[in-house]
Every structure is written in structure tokens, then in C-alpha cells.
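Asks: quick one, what's the 3D model for this:
(2 chains)
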Amino acid sequence: MASLSLPLPRRRFKFGLNDAGHWSLLALLMVLVVWPVVLIVLNSFQMARPGQAAVYSLDAWRQALSDPALLNAVRNTVTLVAAKEGIAFPVAILIAWVLARTDLPGSQWLEFLFWIGFFLPALPVTLGWILLLHPQYGLLNQLVSMLPFMGKSTFNIYSFWGIVWVHLASVTIAIKVMLLTPAFRNMDASLEEASRVAGASTFGTLARIVLPVMTPVLSVTLLLSIIYSLQAFEIELVLGLPIHFYVFSTEIYNLIHQEQPLYAAATALSTIILGMMVPLIVMQRWATGKRRYTTVTSQFKGHQIQLRKWKLPVFLLVLASALVITAVPLAFIVLGTFMKLFGFFNLADAWTTAHWSSVLSDPIFVSSVWNTVIVAGGTALGAMALFTIISYVVVRTRFAARGALDFTSWLPSTLPGIILGLGLLWLFLGTPVLRPMYGTVFILIVATVVGSMPLGVQIIKANLSQLGFELEEAARISGGSWWSMFRHVMLPLIMPTLLLVGTVSFISASKNVSSVALIATSATSPLALLQMNLMADGSYESAAVVGVMVVALTTGVALIARIFGLRVGIAR
Amino acid sequence: MGTISYRIAASLVGLGLLLATACAPSAAPSPTVAPPAPTKAAAPATTPQASAATTAAPSAGAGADWQAQWDKVLAAAKQEGTVVVSGSTGTLYRDAATAFEQAYPGIKVQFTGIKGSDLTPKIEAERQGGQYLWDVYTGGWTTINQDFLPNGIVDPLKPALILPEVTDTSKWLNGMQGAWMDPDGKYAFGFGAYTEPTIYVNRSLVPESQLNNHDQLLDPQWKGKIVSADPRKAGAQNEGSSWLLKLKGQDWLTKFYGQLTMVSDERSAIEALVRGNYPLMMDVSPPSYEEFVQQGLTKDVQGLNPESPEGSLLVSGALNVALFNKAPHPNAAIVYINWLLSKQGQDAFVKATNVSSRRLDAIPGDPFYTPKPGVQYGDAGISSMPYKEKAITIAKQVFK
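Replies: Have a look, this model is predicted:
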């Protein structure tokens, strides 16, 4: 039986790399992550234009902090994050637990539907919900208004709760279900059995056994959600502007997207976010660092709870949630690609395939697809390899600076993508050794790997935390080398998680716009940038076509990964 | 448990590493990462300044001189083989720019659609790292004046104009001197000249009797009824509001802003207008409006008092050109710019964007945007620069 409170062992594992290897790994992260962050912070104090002598002052900070809208934006940000996470977190826990720990029919494919929800691009999803919930012409409002005693504008998407709803119905719940379900699946059923034998109910077991054991992955999931919430701006930009609802991320967005972008002020505000995140990260590490949360041991036992009479209602509820997150926005995105004008159903001849012809015959589209495949594929493979090494060193070794390594892996999440892209632009152009790589897809792969690092490392770390040390010990005692142990024992156990990380990294790289916008060239531009340019041009329909292609590409990869992952790892 | 699956995984990882190694160069034809060394063929005429020393005077009266100069530049440009152009986002600008390849098949256009706010830090960082990767800029003139000129990123354009049909001032609306969009009159050339109403009115909702001049816009009945793309940002809405600021003053504009409802972009504003959610709309750019025109959704929409001083502006919008200095393909840049400002180039841009060219012999654009003879339009050129900045400042104070 796994222990929940034994102190960490004082054993020292030989990693296969010596200390030089560990320090090299840390040095690599310092170059790719810390140095761009340092450049960003330094440049927030530097007011001179390039080519002129440096002039350091606090003007950018004064400008950023003296903005009268800032306090309002901070207040809005906090209330929005609290509302979103307050609803999404418990809902996601319940859904993930039901999918992973019960005999719910079709749970594998229901889980996959939530993955698709994560793949969908935010802006077209928002437009789809506007079509349904616009106070004047929303289809749902029109339907509801036909009912007796119902008003004309029952739902108003241009409101605080409208913004919350679109977040919940897009990524917020989906990503949590993605992260939590594998972790719940890896939990040893003997813990739950012992609880029920002792007389606890199913929900009592969930609350007093399962959730505490899941603390690392729950705390990481919540922290990542909060961090990504702080960076989200597309939904707030579209829905918040007409009602003067501004958040921190839209303030940064506005500073950058002016005729004379105020990057110094934007980096100053971003540094403030970084400062706010650091205590949360430290707290999370402290909260999970003192105890062990092993759930997968040599006596691992999987088990499904029988739902019995609750099977059908729970199935319908989870299915409905999954369809709201996936089918509804996807239907409208696909529909939009065949409309002459997105959302205008009442045109004389409203339907066309012209947008598809136009996009598919565009030579830029073909090169963008190829660039996306290379960048996303390179990111997935690089992420799987690099994040595994980082996670293993942090969780399974006694490397003296593993805390610094772990902390560094969090840093990219504390900065908006566009700011991170700016930091990488300065890094590659300012470093002679790296300069030849500017203008190649390699720099895009680096940017997207760095951007995926917080999520990927934490996913693998949480998984590794659940694995007992005795599994490694048994392999070593049997005479195997570290590499033999890793190949034959550890890798099969973490393979589903690695595939999840690879898939998530692939998808993130395919959708990533902000951190590649400044470093891509016309020759290396991926699909996401093409989509962004089409949206900026007002060509929503063509942008929807590109969006559908991105979803198709990422869904295909996820499907392959999922089918492959079902054959490895811990069987149900 | 997974031995076979592990082998497949290991094979995939190995394949991926090979792929990643092969990935180091870009997938598409390589971009120019470092400026290529000038070829010997390029030596005779490599820089606009050198061209200026030998080019014909702007009146282009000396026939043989300009021809010899042009031939040298063209030969050198074909050796260079590529011209790197930045322009506005959107396929229509790219289609217009790449029409150059049909006229000059030996020179490929590497076009990047990128916003000015993204282009500036990119170029500044590149130059700081010793990378000079761009030849020609097309886009708004504000970026040229506020970002490029103060940092010495552009060269004078005038010396690069060689073809007689380009330098013939009679071919341009209000002469060539009216087309320069920078204080010195030699860096930024506005080749577009089309009109935009400052305010659009849906006449099916608001008859002429109810609203027929701009002062009525401050009436309480219009509060919250005028939709606009974000007036705190540059764009067509800023051009309209800066002109109104110039004519009506700060107090008027402040009150006017209080009447507005903001949306995130022009497309959302136009949708709101044609759906009837808002009867009035601030200035928008023609490419955004055009799609709705083509679907017949704008037949009831007119400009408010279009022939009054406040009613319409003459703008160049995103149709301005400048020459980057230390261009990696200087001769190809000169050929491109001369093509762009020729009738052939202007016809290509009018065909793509459907707005009028400043060239008087170019094909006409949409009549809605074409300047009408005898009408005094508002000036959205370089003289409006201080008003544009001021209008944004006022908007930021109103929309906190």
C-alpha cells in the first residue's frame, strides 16, 4: 500500500548523466528561458531607441502604473478568474473522476471530446457563441423569446457572465479534464477500497482520500489555470470592449497594439504579473514538496466504481457538457466556412464554397501547413524529450539546483506570449552564435517549446510523483543500468503522459500566434499566423477555413496519439 | 507489456530527431537571413543615391539618360532575383503586390503581411543585430513618420523614381507634391487617394430629416447609437475623428466620444450597422466595408452629409510606399517601386482593393470611394498628424 506521509528517502540515484549533465541542463534553461526574461525586465527600464545610447528610467513603469484604468483592470481580472475557476474547478474534478474511476460507458471517447474542446481556437468559438447569445439577433434568444413569459433578450453575451460562460464553454473546463483524468486513472484503487471498507461513502472517499492524494496534480492544474487565465485576452477583447470591461491582459494587449507600441510599458506590466505569480509558484512547490503522493507501486491495482442506476443520468450529463464544449462551437465554425458572410443566414444566397477554394488554392496556405507540421511536430518531440529530462531531475534526483530548475520551468507561463516572443527575438538577434538561426523554423520550435514548458513539465512531474521508488530499485537490484530501467520500467508507465504532453505541445504550437508573431518570416509562417492575418483583415470566413484545418490537423494527431496511448501504460 | 509499442515509440523518436535535424533550415525557399554580397552586375547602379546621381530630373525630359539608368538597374535587379516587401495583412494586398512577378518574371516578391505595430520592434531588433532583411515598405504613413524616420530606417524615395510615367507630375491627383506623406516630402509616397465618409448612416433607420449634419450627433437621442472600432487605436476611425477634431475642436470631440459604443474591430462595427443594431457608424476602411457591399447589405447606408467639410476625407490609408535603407536587394527594390507607381502597378492595386489610385490614368475604383470633381475633401495627409495623436489621447481619457 502506498504511503502518504513517509519522509523522502535519502537515497541518491545515479541518473545516467553526471552532475555536469544536470548543470548543462540548467544552463540550457537559463539561456532559453531566464535570459529572455531578464532582457524583458531590463528593457522595461530602457527608453532609448535601438542604435542610440541606452537611457534607463522609470518612465515606462510610471506610464504603466499611472494608467487610471489599471486598478479597474486588476479588480476585473481577479473577479473574473475567481468566478471562472470557482465553477470550472469542481466541475472538472467531478467529470475527470467519473471518466477515470467509474464504469461510465464510452468514457475514453468522452474524454477525447474534451480534448477537442481544448483544440478549438478561442476567437472563432467566441464568434460562434455570439451568434447564439447576441442580445438582439442571437439564435438562442430568438428561440427562447417564442416561449410564453420569456423576454426578447434573455441571454446577453456582452456581460460579465457572458464572458465567464464562453470561457467555461471553451478551454477552461476542457483543459482541466485533460490534465486530471490521466492522474485519476493512475490512482491505486486499494486506497479507495480501504476507505469504503472503513464505512465511507463514495463521495466521502472522493473528498477525504482521492482529492488529498491528488493534491500535486490538483494544485498544479489550478495554478496553471490561474496563470493562463491571467494571460487570456481574446474573449475579453471581443466581449468586454462594448461594456467597458477591461482586464490585465487586454491592458497589455492595448499597450502593444498601438500605432507606436509601448513595449517598455507592456513589459513593465508583464513584470508585475511575473512578480504576482512567483509567490503562487513558491507556495505550490512548498505545499507539495514535503509529502509523498505515490499511487503507482509494485502492488498497483486499478478498479472501476459501479455507477448502477446513476449510469444513464451521469452519462447524459457528461455527454451534454462535452457537446456544449465541442459540438456547438465546432458546428458554427464549420458552418461559417460555407457562409458568404459569417452569421448572415438571411442573405438571398447565403452559402458558398468560395472561401474553401480561395484558401486551399492559396500557395501561402500550402507552405503554412508544411511549416505548421514541422514546427508542431518538432515541438512535440522536443517537449517530450526535454520535459521528461527536466521532470525526472526535479522529482527523482537529489541534484542540488533542482529547485531552480523547477522554478525556471514555470517562468514562461508568467509572461504573455507576445512579450515572450519579444524576449526570444532579442535573444536570437543579440547573440552571435544564435543569430544564424533567425529566420528559420528552428527559432519557432524553440519559442513554442518554451511556451509549452510550464504545462508539460508539470504534467510529467505529477505523473512521476505518483510512481513508487521501489519500481526503480527492483530494476537496479536485478542488475539493470539506469537506461535499461528507464526503458523497460519507467517509460511504459509514463508513456500515456508523454503522449499527452506531446499532443498538447503539438496543439499549442499549432495554435500559437502571440509568441511567434514577431519571429516568423513569410517563409516560416505557420497556419495560426495566416488565420490571424485573415481575422485582422476581416475575412472571418476564410479564417474559419484555416481554423477548421488546424482543428483537423490537431485532432488527427491527437487521435493517433490516443489510439497509440491506449495500448501502452497502465491498462484499465 | 508494451515491448512492441516501445519499439514503435523509439522509432518515432529517432525519426523525429532526424526530422528535427533536417528542420534547421526553413521548409519553404530560404528567406534571406543575411544581406547577400552585391553582385558584380549590380555594381554599376546599386543604391538609390547612386541612381540619383545619374537619374533624370523628375520631369524626366532626358529620354536616353533614364533609359540607360533603368536598364542598368533592371539588369542588376534580375541578378538579385528577389525583392522583400512588407505590407498590410490580408490576401488582397498580397495579391496586388505579387502581380509584380507577372511584369518582371525574373524577380520574385517575398511578401509579408504584418501590422506596423509588429513590424517596428522586429525591424529595430533585426537592425540592432546587424540584420537588414527588408527592401520595400507599403502600409500606413504613420508608421513611417513615427517609427522609421526618427530611427533612420528609410532612405529618400525620390531619387529612386526613374520611369518617366512615375515622375510625370501631371499623372497624379493634385500633382506629385500632394502625394508625399512626410514633412520633408521625399520619404513616404501615398499612392492611394480615395474618400471615406467620417460617419455612415443607415437611412432605413434614420431619415434625412432626423439627421443631416454632424452637429446633431451630439443630441442625447444618439447616445449609444454610434458604433465605432476602438478610437484609442490608429485606423480609419482615427482618421475620421482627427478630422472632426481639427474642424470642431477638443470639446466637441470629447462629447462626441461620449456618444460612441466601442467594438473591437471594423468588421464588428459594420455588422452592427447593417444588422440595424446601431443606426450610425464611425469611419471604416473600404476593404472591410467592401464584403458587405458585395452582398447587397449596404444599399440603405450613406455617408452623413458627404459633401460638407466634415463629411468626407481624402485618404491614402494603407497605400503608401517607402524604401528601407541598407536594403538587401537595392536594385530590385527600385524596380518594384517604379512598377508599383506605374499605371500597371496602380491598376493591380485598384483591382485588388477596389479603391481609387492617386494616378489619374489608373482604372477607376468603386465610385463610392472615388473623389468627385469640385468637392473639397478633408485632408487626412501629413498635416493631420498632430490631430491624429491628439484624438487618440482624448479617446483614452474618455474610454477609461
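
Asks: specify the residue positioned farthest from the middle of chain A.
Replies: A:Pro148 (42.6 Å; CA atoms, centre = their mean).

Asks: what about that one, which helix or strand?
Replies: Assessed by DSSP states H and E, A:Pro148 sits outside every helix and strand.

Asks: from the stretch 101-250 of chain B, which residue is nearest to chain A?
Replies: Using CB to the nearest CB, B:Gly129 is the residue of the stretch 101-250 of chain B that sits closest to chain A, at 3.2 Å. Heads up, the C-betas are built off the backbone N, CA and C, glycines and all.

Asks: which parts of the stretch 51-200 of chain A sit against chain B?
Replies: Taking CB under 8 Å from any CB of the partner chain as the measure of proximity, the stretch 51-200 of chain A contacts chain B at A:51, A:68-69, A:72, A:136-137.

Asks: out of these, which one has the lowest pLDDT?
Replies: Lowest-confidence member of those: A:Gly51, scoring 59 (pLDDT).

Asks: circling back: just the ones of the residues of the stretch 51-200 of chain A next to chain B in helices?
Replies: A:69, A:72 (DSSP state H).

Asks: and the buried ones among the residues of the stretch 51-200 of chain A next to chain B, selectable in PyMOL?
Replies: Burial among those is assessed by 16 or more other CB atoms under 10 Å in any protein chain shown; the matching PyMOL selection reads:
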select buried, chain A and resi 69+72+137
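
Asks: ok, now which ones touch residue 305?
Replies: Since no chain was named, I'll use chain A. A:101-103, A:192, A:202 (CB atoms under 8 Å, 6 or more residues apart in numbering or on different chains).

Asks: oops, chain B please
Replies: Applying CB under 8 Å, 6+ apart to B:Asn305 gives the contacts B:212-214, B:311.

Asks: ok but it is inside a helix, no?
Replies: No - using DSSP: H, G, I helix; E, B strand; the rest coil, the secondary structure at B:Asn305 is coil, not a helix.

Asks: hang on, the earlier thing: and which of the contacts of B:Asn305 is nearest to A:Leu218?
Replies: B:His214 (58.8 Å; CB to CB).

Asks: ok, that closest one - contacts?
Replies: B:His214 sits in contact with B:198-199, B:244, B:248, B:304-305, B:308, B:310-311, where contact means CB under 8 Å, 6+ apart.

Asks: need these in JSON lines (columns: pLDDT, distance to B:Trp172 and secondary structure).
Replies: Output for the contacts of B:His214, formatted as JSON lines (pLDDT from 0 to 100; distance: CB to CB, whole Å; DSSP: H, G, I helix; E, B strand; the rest coil):
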{"residue": "B:Thr198", "pLDDT": "95", "distance to B:Trp172": "25", "secondary structure": "coil"}
{"residue": "B:Ile199", "pLDDT": "97", "distance to B:Trp172": "29", "secondary structure": "strand"}
{"residue": "B:Leu244", "pLDDT": "95", "distance to B:Trp172": "27", "secondary structure": "helix"}
{"residue": "B:Lys248", "pLDDT": "95", "distance to B:Trp172": "31", "secondary structure": "helix"}
{"residue": "B:Leu304", "pLDDT": "95", "distance to B:Trp172": "29", "secondary structure": "coil"}
{"residue": "B:Asn305", "pLDDT": "92", "distance to B:Trp172": "28", "secondary structure": "coil"}
{"residue": "B:Ser308", "pLDDT": "88", "distance to B:Trp172": "26", "secondary structure": "coil"}
{"residue": "B:Glu310", "pLDDT": "91", "distance to B:Trp172": "26", "secondary structure": "coil"}
{"residue": "B:Gly311", "pLDDT": "92", "distance to B:Trp172": "24", "secondary structure": "coil"}
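
Asks: surely B:Gly368 and B:Phe292 touch.
Replies: No, residue B:368 isn't Gly; it's Phe. No - taking CB atoms under 8 Å as the contact criterion, B:Phe368 and B:Phe292 are not neighbours in contact, 11.8 Å apart.

Asks: shared neighbours, these two?
Replies: With CB under 8 Å, 6+ apart, B:Phe368 and B:Phe292 have no common neighbours.

Asks: returning to that earlier point: just the buried ones from the contacts of B:Asn305?
Replies: Among the contacts of B:Asn305, those scoring as buried are B:214, B:311 (criterion: 16+ other CB under 10 Å).

Asks: and the furthest pair within the contacts of B:Asn305?
Replies: B:Asn212 and B:Gly311 (10.6 Å).

Asks: which residues are in contact with both of the two?
Replies: B:304-305.

Asks: which intervals of the stretch 201-350 of chain A have sub-threshold pLDDT?
Replies: Low-confidence segments of the stretch 201-350 of chain A, defined by pLDDT under 70, span residues A:259, A:287-303.

Asks: for chain B, what are the nearby residues on it?
Replies: So far as CB under 8 Å from any CB goes, the stretch 201-350 of chain A lies against chain B at A:237-238, A:241-242, A:244, A:254, A:256-261, A:263, A:340-341, A:343-344, A:347-348.

Asks: residue ranges in the chain under the pLDDT threshold?
Replies: Just going to use chain A. Short version for chain A, where the test is pLDDT under 70: A:1-18, A:49-52, A:188-190, A:192, A:259, A:287-303, A:565-572.

Asks: to clarify, I was referring to chain B.
Replies: Residues of chain B that meet the cut-off, pLDDT under 70, sit at B:1-64.

Asks: quick one, strands of it?
Replies: Along chain B, counting by DSSP state E, strands occupy B:82-87, B:108-113, B:136-139, B:154-155, B:189-190, B:194-197, B:199-202, B:226-229, B:260-263, B:280-282, B:301-303, B:312-315, B:320-324, B:378-379.
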